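Chemist: next come a sequence and a model predicted from it.
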Amino acid sequence: MKKILSIMGILVLLASCNEDEFLKENPKDDIFAENLFTTYEGFSNALYGLMDRVRLETTNDSECFSALTNTGTDIGFGNNTPGVHRAFNDYNLLNAEHGDTEWFFSWLYQVINSANMIITRAEGDINWQGGSPEAAARNKGYIVGSARLIRAWAYRHLTNSFGPVPLNKTEVNGLNYRDDWTRAPLTEIHELMEEDWIYARDNMSMVEETGFPNSAVASHYLAELYLLQEKYADAEREAKRVIESGDYKLMTSRFGSRASKPGVPFMDLFYNDNREDGNMEVLWTFNNAHETILGSRNGGKKNMWTLYASKGSVLKKVNADTLYFHNGGRGRCRASISDSAFNWWEPTDERFSKHAVKKFYLYPRPGNPSILDTVEWTRMEYEKDSDLEDNWYWPWVRKYEYVDPEIFANADKPISWESEMYLRLADTYLILAEALHKAGKNDEAATYLNTVRARSKASLINAADVDIEFILKERSRELVTEEHRKYALNRNGVFVEWTVKYNPRIEGVGIDIFEHNNLLPIPQGVIDANVGAVMEQNPGYL
Amino acid sequence: MKQNEFLKVGQIHRRKVPALILTALMMLSFTMASFGQISISGNVTDESGEPIPGATVMEKVTASGEVNGTITDLDGNYSLSVDNQDAILVFSFVGMRTQEITVGNQASVNCSFEQEIIGLDEVIVVGYGSQKKSDITGAVVSIGEDIMESRPSQNLEQMLQGSMAGLSVTHNSSNAEGSSNNVLIRGQNSISASNTPLIIMDGVEYLGEMSEINPQDVLSMEILKDASSAAIYGSRGANGVILITSKRGEVGKMTVTLNTSFGFDQMVSVPEYHDAKTFYEIKQGRGETMTPIEDEGYATGRDTDWLGMATRTGKRQLHNLSMSGGTERTKYYLNASYTSIKGISVGDNFDRYLFRINLDHKLNKWITFGTSTQFGYYNRSGRPADFADAHRMNPLGIPYNDDGTLRISVWEDGVYDKNPLMETLYISSDKNRRIITNNYLLFEFPFVKGLTYKLNTGYNYNSGLFQEYRGRNTHQGLQSNGELRVRNDYDEDWVVENILSYSREFGRSKIFLTALYSAQKEWNEGHDILGNGYPNDIMTYYQAAQGVLIEPSQSFSEAQHLSQMFRANYTFDSRYLATFTVRRDGFSAFGDDSKFGVFPSVALGWNIANESFMENVDPVSVLKLRLSYGVNGNEAVSNYATLPNMSKNYYVNYNKITLVGFYPNKIGDPTLGWEPTASFNAGLDFNMFRNRLRGLVDVYQSKTTDLLLDKSISDINGATEITQNIGETQNRGIEVQITSINMARGAFTWRTDFNFSHHKNKIIHIGLTGEEGEYIDDVDNKWFIGQPIDVDYDYAFDGIWQTDSASTPQGPVQAGWVKVLDANGDSIIDADDRIIQGQEIPDFIMGMTNTFSYKGFKFSFFLYSVVGVNKKNELLKTGDSDFRRNRYPVPYWTPENMSNEYPKSAPSTEDINQYGIDFYRNASFLRIQDINLSYSLSNKTLSAMGIGIQHLELYANIKNLHTFTKWEGLDPEFNDQLNVPQTRQFLLGLKLSF
């Protein structure tokens, strides 16, 4: 009996030499961090993934991110307003359950987590390839620099939109994930952003592959951060590093694919978004490709800012594809530029010319289609708030025009598969001008402002004309719909004041906008899921 | 002890222990000899006096130790010589109680057999071995062979429905294969993981569909219900275990059995939708604009019967040819079967070809080799119509073009206009080939009595090939210029088990020890191609490469198990029983920090009837109390779930070349593991009145913890949820199973098999906590603390508004609109007014079979009932597509008929059902599930025919003759009321063996 039991015991306990090895999972049809982050190529794949996540800012179908920074400011109001954007025509509706705000917040932390993963894992034993230690080191610097630049870029959005936010700088996994996040002081977050951008600045080249960030982008953002921190000398230094590098310049004469057609140099930028097209002004492009190519995303900015003109009483009657083919394509007109902002341009300013602003619609003459007749004019007419909703006649900036070059029948679709010029040198000029002004160097500020204005034949100014109001309006004239308008207004503490003053759909403080609306609410889901600690809501939001 | 099924005549048999039959008998047919001096002769008959040919007559113990015996002739007569008057004759015959008669001074010894009542002391398969029923301590039930025979079907699952207490088989929808079933043992414990039981066939996990098994191959089926009996399967036992044992050869001459049947299916309970005329008139009455096709159809009296065109009379045929027999050294069972079913929906077909060989061969005195090998070929080619559309398509639509081809769009709608028959034009092929081969080597060590070692191996390989082409004559094919789908699937699974058993009696003690060490690996790979944009339709699905857009994809999955198990059974004096089991399971998909789980259980039994104080309680022959407690697991974790994979996305470079990217969007928990279920079971088995009343009662309670659920986490972590072992449910129930011989007079018997099960589960918590740390409900998922897992939670119907009203809790309403219950009485209808309106778990399930037999006739009917289920009935719902699609007519509210049941009929622009309320109805039913009549020719007649036929039986079966229910629609059991209708099946069969 004993013998039997011991035989059985041996069998049962006969733990085969290598249980762990037998039970180890080895997935083959999927990519896991463990097998991806081993070589430079793997890190490059992660960087591509990260870049695709980043470009969601302008290619997200719901067009939300442009709304969050532009609709409901001095320059933009909701026109054909989807439900989720109504909060920017009436801030009473902006609360912690606001869908786009939740999306925005969640998306940025996903970007941060992706970047953290690259940054954390780059410290392991990686084959950085390249063929020489120098090349390997440069590869690592490029990858880590890109990831850190983007992490800081995400915190730029978060701090500007939400104020102090939790600071997450390590890869999150099943063991270290947290439910007790607290909001870190702005100074601490700014410190990380500064370190990240300095690393990127010092480890990347001024010009990198199109579609990816580079050292110039890092300096630009550093300049903006220093401006916010009132470190004007530092801001000046970083901005000038880009402007004086010789790698980039303002495009002051006609160039690119439409150089021979009527137009203005300013608009050539938007038809030639890439450095390869001769655009020496662009610092950072978000790449895109036609729908038929894997990696294509529908550009949201066209949907956002371009009118849905065929809804208007006159244009309704013509063939929509033909109409849009000749007039820059169809948008959804989720938002329109305020009448005030349109009025900030002088009539002579090329940025307000018919090449830059849609003033009339063309249509082939029946019987002689080679002649295009003007069939309708845009106009800014309204008496009451409701006239501004679904206003199909409003003018619009032509920066995002797009007609599918391959399929005519796509002209009537709200699509754009064009690369997006995300950041350009003119912005750096204006950051520099603002820093110089704030440092009391109005003379120099005027010079840089004039360089930008001269390109578009706007009248030249002198030092006495330079003040914050002028700079903010110049930013709108140059960068309307491109910049994150709300951040610039907040930097100067005028968001609510200017919005009330210039936005035609906002009536007044305490009515449909409130002082606390300079920041977005922390999403309720984030507060609720944080069971281990209290996550404070921004003041003013319930 | 070996069982004797000598001269088995093609019947399905339990393994019995007719305790006193000698193993030596096996040699009888080869060494028939007479040694004695006294000549005995006699006649053997059954209870009704019919002679029994082929019965065995043996001398129990001969002086020389040689075998001495004979077989009765055609008239039931025998003659035999024995040594002396003390000789004892043993009379045995399959299905009859073995009798022993001392010769004495008689020259003629007659025997009148009594029918043996099955189940007295069967040997029951318990996993990694078998045990006498009286020694079993857990809740184990077997399906009776009578029950199986009374419901001839090609599908094992359907045969199981209502057959055993604690097993529920829900028939979700109708298809040719009969494969759309939910099989649950003791209901549902897990919220997110699978609740389906583990299926073991011939000792090895069965990975195919149950519908791929030929029921004719099945000798017995056992269900392990409680923690103790299922504990041998550890981390996979929590949902219960179904053990299937296939038939094996028996010693004796070859028996060839042919079983063939033909049948047809008709559809029943088809809802009556509006006919075209009424449809047109109601729609027009609503002031809607009619289309030209509608006008023309109305004028010409067209009334298209879409359901009629999508269906046909189903046909089925099942043929089965088996050969079995063997010698003491080699036993064999061979079976070839062909099943062909044409379902009632056009394009729904199932063909099954199976070949099985089961072999046991003694290599020498103490080593036996055996195999259970099956090759199956399954053809499921063809695509049925789109039934959701066929139910609701505009009856004025035009199905065919003038040339007889199907129209793609049948009327002018743009959305609800696609021809529902379109799918039948898909060129579709779906074939599977599966090989299962389970082989063992059994060592019965001569040097240690009772010790055996079994090396058991299983190998399963399946290859599936699915090919489909949607040509330009179909809606989808036209849109994409031909669409092609090709999918290859390969599965492979192997298991190696080392099983050591020791069984021995010491005086009044009996022990049975089992130890196991096993390793298992499962592998699956799939290759898909999806293509479209083909130059033409000529090469159908053989032109993958010519497509404009071709998307290949692949999948890979592997899982490994390592297990050790030890089980000890102890019996003292046939009165006190104890079982202790422990299993340790390792599973590759578990998180790195929890690869192994240990699952212990203990069970006690007390055969009260064997106590001395029960000796005088005559009516009770068996009375056994069983108690068990143990922990089982549900593997729950799917492969690679603990490894956070990277999601794929794409970027492009300046030259528009795709750049493949990866980013993290989920996080994995390395501690993820099984869901343990701890359960307690108490049961009582009883046999009374000379075993004419037999039954069992079981009660149980179980608690499942560490449920695998997704926990919401802060977005700041870069992911919004993580799957963790949180949450807890409880389940309790009662099961009753009774078999009663109500009448046994002469050749007439009436027997009733009845079973009843009730269970109720509830959620204890789901890991969500409120501000005070208290557990809270998950409203989104309809999980409520203290409520069953599946509840209907929704706004409630509160009648119909009878007058227009400007201010109501649901805003301004008009007469005839649906009134929503203001459940919390706050005069505002909002999310807080959603309430629980019933459960999807029935109050109880009941099955009852009555069997009447008289001589060769046997008649049985089976009633099946499910009571206390609430379901939403989509037929009754009003939606905004009404009258763009046909609908089921209900007594609408009208100003003349101001009913409180259904809203008025109104155009879609009018919001008559503002909250989209569903109409919940009671789905209880009682069904006459099977009626079976069979006639077997008597042995005497067969013998007289003299052509060697041993058994000849004709049978007829009707399934689903009638359902008693208040439910309106296809069937109360179905999940979806807009699907293939329920069927009634008629079957005629012949069983012949020689």
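Modeler: The structure has been received and is ready for your questions.
Chemist: check contacts around the residue in the stretch 701-850 of chain B that chain A sits nearest to.
Modeler: Scanning the stretch 701-850 of chain B for proximity to chain A using Cβ to the nearest Cβ identifies B:Gly718 as nearest, at 2.6 Å. Where C-beta positions appear, they are placed from N, C-alpha and C, glycine not excepted. B:Gly718 makes contact with A:109-110, A:112-114, A:116, A:168, A:172, B:664-665, B:667 under the criterion Cβ atoms under 8 Å, 6 or more residues apart in numbering or on different chains.
Chemist: which one is it nearest to, not counting chain neighbours?
Modeler: Nearest residue to B:Gly718, sequence neighbours excluded (Cβ to Cβ, 6 or more residues apart in numbering or on different chains): A:Asn113, at 2.6 Å.
Chemist: check which helix or strand covers the residue of the stretch 51-200 of chain A found nearest chain B.
Modeler: For the stretch 51-200 of chain A, the residue closest to chain B is A:Asn113, as judged by Cβ to the nearest Cβ, at 2.6 Å. Assigned by DSSP states H and E, A:Asn113 belongs to helix A:99-121.
Chemist: same deal with B:Ser337?
Modeler: Going by DSSP H and E, B:Ser337 is in strand B:330-342.
Chemist: mind listing what's buried along the following helix or strand past that strand?
Modeler: Using DSSP H and E, the helix or strand that follows strand B:330-342 in sequence is strand B:349-362. By neighbour count on 16 or more other Cβ atoms under 10 Å in any protein chain shown, the buried set for strand B:349-362 is B:349-354, B:356-360, B:362.
Chemist: with just CA atoms, put strand B:349-362 into PDB.
Modeler: This file holds the C-alpha atoms of strand B:349-362, laid out as PDB (Å, rounded to 0.1, in the frame of the first residue of the first chain):
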ATOM      1  CA  ASN B 349     -27.500  22.000 -45.900                       C
ATOM      2  CA  PHE B 350     -25.500  19.600 -43.700                       C
ATOM      3  CA  ASP B 351     -23.800  16.400 -44.800                       C
ATOM      4  CA  ARG B 352     -21.800  14.300 -42.400                       C
ATOM      5  CA  TYR B 353     -19.700  11.300 -43.300                       C
ATOM      6  CA  LEU B 354     -18.100   9.500 -40.400                       C
ATOM      7  CA  PHE B 355     -16.000   6.500 -40.100                       C
ATOM      8  CA  ARG B 356     -15.000   5.100 -36.700                       C
ATOM      9  CA  ILE B 357     -12.800   2.300 -35.600                       C
ATOM     10  CA  ASN B 358     -12.600   1.300 -31.900                       C
ATOM     11  CA  LEU B 359     -10.200  -1.500 -31.200                       C
ATOM     12  CA  ASP B 360      -8.900  -3.200 -28.100                       C
ATOM     13  CA  HIS B 361      -6.100  -5.700 -28.400                       C
ATOM     14  CA  LYS B 362      -4.300  -7.600 -25.800                       C
END
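Chemist: neighbouring strands of it in the sheet, and parallel or not?
Modeler: Strand pairing for strand B:349-362, using DSSP bridges, gives strand B:330-342 (antiparallel), strand B:367-379 (antiparallel).
Chemist: excluding residues flanking it in the chain, which one is nearest B:Lys872?
Modeler: In space, B:Lys872 comes closest to B:Asp918 once its chain neighbours are excluded; the distance is 4.0 Å by Cβ to Cβ, 6+ apart.
Chemist: what sits against the one you found?
Modeler: B:Asp918 makes contact with B:792, B:794, B:872-874, B:877, according to Cβ under 8 Å, 6+ apart.
Chemist: can I get those in CSV including neighbour count and distance to A:Thr38?
Modeler: Formatted as CSV, the contacts of B:Asp918 follow (neighbours: other Cβ atoms under 10 Å in any protein chain shown; distance: Cβ to Cβ, whole Å):
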residue, neighbour count, distance to A:Thr38
B:Asp792, 17, 51
B:Asp794, 19, 51
B:Lys872, 19, 52
B:Asn873, 19, 56
B:Glu874, 16, 52
B:Lys877, 16, 55
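Chemist: for A:Asn490, phi and psi?
Modeler: Recorded main-chain torsions at A:Asn490 are phi -60, psi -40, according to degrees, to the nearest 10.
Chemist: thought it was touching A:Ser161?
Modeler: No: the criterion here is Cβ atoms under 8 Å, and A:Asn490 misses it with A:Ser161 at 9.1 Å.
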